[in-house]
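Enquirer: quick one, what's the 3D model for this:
(2 chains)
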Amino acid sequence: MNRFLHHIGRVVLPSPLFLVPLFLLSIFLLLTTCSRPVEIVMVKETSPTIFPDYAEVTIPPNIAPLNFKLIEHSGKAQAAIFESNHVTFEVRGKNGRFHIPPSRWAELLKVSAGGEFTITVCVLEETGWAAYAPFSVKVAKEPVDPYLAYRLIEPGYETWNQMGIYQRNLENFTQTALLDNRTVEGDCMNCHSFCMQDPAQMMLHIRGVNAGTMIVIDGKVEKLNTKTKETMSALVYPSWHPSGRFIAFSVNDTKQDFHSIDRNRVEVFDMASDVVLYDVENHEIFTTAALFSEDRFESFPTFSPDGNNLYFSTAEACDMPNEYESVKYSLCRIGFDPETKQFGTSVDTIFNARLENRSASFPRVSPNGKYLLYTQGDYGGFLIWHKEADLYLYNIETGEHYPLTLANSDDAESYHSWSSNSRWIVFSSRRVDGLYTRPFIAYINDEGEAEKAFIVPQKEVDYYDHLMKSYNVPEFVRGKVNVSGYDIGRTAKKSTGIDVKFRK
Amino acid sequence: MKTVKKLLPFTFWLVTGIAVFLFLQHYFEFHFYYVEQLQLFLYHRAFLSDLLFSFGGLSELISRWLLQFFIHPKMGALITTALLLAIAILMNSVTKKINPKISLILIPLLSSVFIFFLHLNHNYYIAGTVAYILALAAFLFYLYIQRPIANLIVSTLFTLLLFWWAGPAAFLFAVTVTLWQFLTTRKRVLHALTPLFVFVILAFVSVRLSWVGDYRQTFLPAIYFHPKLTPPPIIYFPWGLMLLLVAISHLLRNLNISRRLQYVVVAGQLLIVPVIVYTLIPTHGQHSSAEYKKMDYYLRMEGWNDIIEGSKKPITNLLHAYYLNIALMETNQLGHQFLMFDQKGTKGLVPIEDKGLPSLVVSNELNFTLGDIAASQRFAFEANLTVSKTGSPRLYKRLIQTNLINGEYAVAEKYIQLLEQTHAYKKWAMEQRRFLYNDKAITDDPLLGKKRRGLPTDNYLLASHDPVHKVNSLLKADPTNRSAFDYLASIFLFEKQVSLFIELVDEYCTTEETLADLPEKFQEGIIVYYESDPSAWERYNVNPRVTEKYINYKQLYLENRSDPRVADILYRSFGNTYWLYLMFND
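Expert: Numbers count the residues shown, from 1 in each chain, chains lettered A, B, ... in the order given. Predicted structure coming up:
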């Protein structure tokens, strides 16, 4: 039968067995070529174009491998040489993609902490290995919080599909769902927030059939109904008091619209807004006139780490939506006594929108109390849809405001948070493709300047290309959140919720 | 004789298959094109592994792989026929295995019938059908195993595998195995319950770990239906029929009937099937959406004349009117054919804003035709989010076009990259690459260049402004935008806002050429406004034929104005004139 198959008509076909030695030889050659160390015969002056752009960034000593790809790769093979004072190793590329072995990477970071290492990308050309100009990566001494929590959702406008809040272990590539919306009948969820990066104290809102604010403290899940007749909406943008006893919230009448022709496609604005405080123990909200005025839009509250001050954004009320471009938020501060639950009598202006003719939102104070990080844009408060939006730092001691030039880009930078050691910030940016927000991490050095930011590394270097969802509200967390999505979802579905009262 | 007997089943299934195929192809061709647009299948490792490792992953993978071919003519009908036949044949094999003495062909055929009706509902996912087939095949295989211990191992293993591969169909399998065990070997209760027990543990763990949303999705076939909708009860019928089949086949195992009676029984069962199909067609035949799916296909294929031809009859819903008006605009006939069709007035020109897929899709299409690229993009994006299976290819195509027109190249490239991983849209996507970061290529392109040149010059917020403001802005940016002019003029005339119509004409028809080009019905509008000033008719270059027609119309009206049937009298000679619309249409 075999003979028959190999003698069709007069044409004699060689037996496949003939090809076996050839195949084995080629495998052998391939293996020996790959395993031979790279010998550079030519050095290029240009730097390689890689994605993600990790050249000259500063990274924490506990971050997962920075896998990357050559955007336009050439040559028969590619290699990347990682070199520090004590560790050197090569990683062979596959179709221009470099996946760094975790064990070698950990070793490299360990010896490079407080220093730097270089990466030399090489391509095998006709004449031998050609090396691009090497680039360095600085490794800070201070680690980053090991977990990052964020929401993944399409950057849509009114509709959503499958979505959820997830936690990512930054030391490896593991992502798990904190709450997937399949667990809550497809509801929307947002505004997850942690008390001082503590995984045991968190909250989030669910919007939809099982609507409510979910508070999780030490594994116990509580559902709140937060709309009161005195407030215009349910509770919205949160910030925990460091004691865990209070959470500051805004209440907002938010609308969304679309530009007919503008570099920003969407405009999100408030028709009105106020700031209130929620008392976790007594299930009541309270406020003060300075935070609850009809003449002003107060929003985006945040506590100072000592808990004695509340920062917030505030703008003069305008005729909305007609005057949406006139809404410019100032940054203000009001004293707060957690013992008496009394607010201070005066309001300090940190950033004066009228004088600067700019708008500032989402203030976040570093846990060491030195800096206040916020977003600055031309107008409005929801600046993640504004391409001109940049991150700024306010030095609380010196009163100086300055942009985080190396962290910012030509596109929108907004929602941001601090690591527990005040050395790292994480923020959302649309810089990759102009639409889908991605999480970037930047190091804040001793001078209070941000160093070049890097995108959170992924195991698959094409991950961001294929992900059709945005990262919302990236928040550092000191450990893994152990309460399950099932428990949160079950409480959301089964519990009728505690009605929050407004204390006058 | 033996050969004939052997060939009989094959012939029966072949004839049935051909009949089903012809029936599907003839009556539901456009349904298959429509459902193909409700998902995306990517030839990409991460996509495939995500799909495979999801709950019921293999059935999802197979079904979506099959669906991508529905875009090709006849493939939808062919694949659906194959799936329906597979169900009937497998079920028939089960009953033959349990009880070879009597044919219970009705139950297999009814299962296929119910699944056929589910397939006609575009909110049903055919992963449910594939999962059902997998469960049937697993059960049939299980029936062939005789040794009790092997039986137990296979049923447990299949429960595990089906849980992963077919989702809730594993529950059906486990329940069927349990039923079978109880019917046949009542002594081994533990054996009988093991698959069910395994399934319950898997369900518990999966829900706890959030791999599956909730227990309802784990146990019931509702997961094979759009998550935001309630599935019709017939989704449960094939499951019930499988259990019924096993029970009846077993219970009738000792029944002995003559060969002649057997033929009568089979014939009787076969007669029941068409009766049930006929009975269910009015409620489950999706007749109401058939016309819409056809129009939608023509629109995607730019078959404007097909849409216009298909509209030469009373139009029963607004979606059809939107499609007609889009087709008229695309062929520059909206003005010339004004009042010639059942256009549904302004309602047929301004889509109702809701979050349903048809409204979002049509709003995207209408705005694209008008040149309102921001609005088109917004609706395309929103519509894409309502498609739960990775989005819709036609909407990604639109997102690519709108982003290219707006010069948002990076995000356009992202979507191009996505469609490059598909079977049917790869070529189109690759062709779009030439526009990336190349303004000249865009400008030179007849479609993209025209749309880019027509982008509004002043920025405003879309939802805060009415359609009139919006279209005016488009006309200001590109006074040659014929679609926008005819659209706005039609709105004014439908709304009987003749003075606004005249303002529009005064602004954009400033030359003799443009005035002469004004559609006849628009000229009728000019006569209305300047009824008492016939010199203006000449100034506006009103065609003498229209003038004469008006004189006749007026004369007939004056002769019969006291007659209560005046409208009918005028209609006979001037049925489609704007004058009649203005005077008698409420």
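Enquirer: just the pLDDT at the residue sitting nearest the centre point of chain A, thanks.
Expert: Nearest residue to the geometric centre of chain A (Cα atoms, centre = their mean): A:Pro439, 3.0 Å. Looking at A:Pro439, its pLDDT is 98.
Enquirer: tell me the secondary structure at it.
Expert: The three-state label given to A:Pro439 by DSSP: H, G, I helix; E, B strand; the rest coil is strand.
Enquirer: now name the helix or strand holding the nearest residue to B:Phe584 once chain neighbours are set aside.
Expert: In space, B:Phe584 comes closest to B:Ala567 once its chain neighbours are excluded; the distance is 4.5 Å by Cβ to Cβ, 6 or more residues apart in numbering or on different chains. Glycine gets a C-beta too; all of them are placed from N, C-alpha and C. For B:Ala567, the host element (DSSP states H and E) is helix B:566-574.
Enquirer: after that helix comes which helix or strand?
Expert: In N-to-C order, the element after helix B:566-574 by DSSP H and E is helix B:578-584.
Enquirer: gap between that following helix and the chain center?
Expert: Using Cα atoms, centre = their mean, to the nearest Å, the distance from the centre of helix B:578-584 to the centre of the chain it belongs to is 37 Å.
Enquirer: send the alpha carbons of that helix over as PDB?
Expert: This file holds the C-alpha atoms of helix B:578-584, laid out as PDB (Å, rounded to 0.1, in the frame of the first residue of the first chain):
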ATOM      1  CA  TYR B 578     -47.300  69.000  -1.000                       C
ATOM      2  CA  TRP B 579     -50.400  71.100  -1.200                       C
ATOM      3  CA  LEU B 580     -52.600  68.200  -0.400                       C
ATOM      4  CA  TYR B 581     -50.300  67.200   2.400                       C
ATOM      5  CA  LEU B 582     -50.300  70.700   3.800                       C
ATOM      6  CA  MET B 583     -54.100  71.100   3.700                       C
ATOM      7  CA  PHE B 584     -55.300  67.700   4.800                       C
END
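Enquirer: check which helices and strands it is in contact with.
Expert: Helix B:578-584 is packed against helix B:520-529, helix B:544-560, helix B:566-574, with contacts defined by 3 or more Cβ pairs under 8 Å, 6 or more residues apart in numbering or on different chains; DSSP states H and E.
Enquirer: quick one: contacts of the shortest one?
Expert: Put plainly, it is helix B:566-574. B:549, B:552-553, B:556-557, B:560, B:563, B:580, B:583-584 (Cβ atoms under 8 Å, 6 or more residues apart in numbering or on different chains).
Enquirer: pull the most distant pair out of those.
Expert: By the measure Cβ to Cβ, B:Lys549 and B:Asp563 form the most distant pair in those, at 20.7 Å.
Enquirer: which regions of the chain lie under the pLDDT threshold?
Expert: With no chain named, the answer covers chain A. Counting by pLDDT under 70, the ranges of chain A that qualify are A:1-35, A:157.
Enquirer: that's the other chain; I wanted chain B
Expert: Short version for chain B, where the test is pLDDT under 70: B:1-2.
Enquirer: walk me through the domains of it.
Expert: With domains defined by automatic domain parsing, chain B comprises B:2-285, B:289-453, B:496-584.
Enquirer: hmm, B:Cys509 and B:Leu515 touching each other?
Expert: Yes: in terms of Cβ atoms under 8 Å, B:Leu515 counts as a neighbour of B:Cys509; the distance is 5.1 Å.
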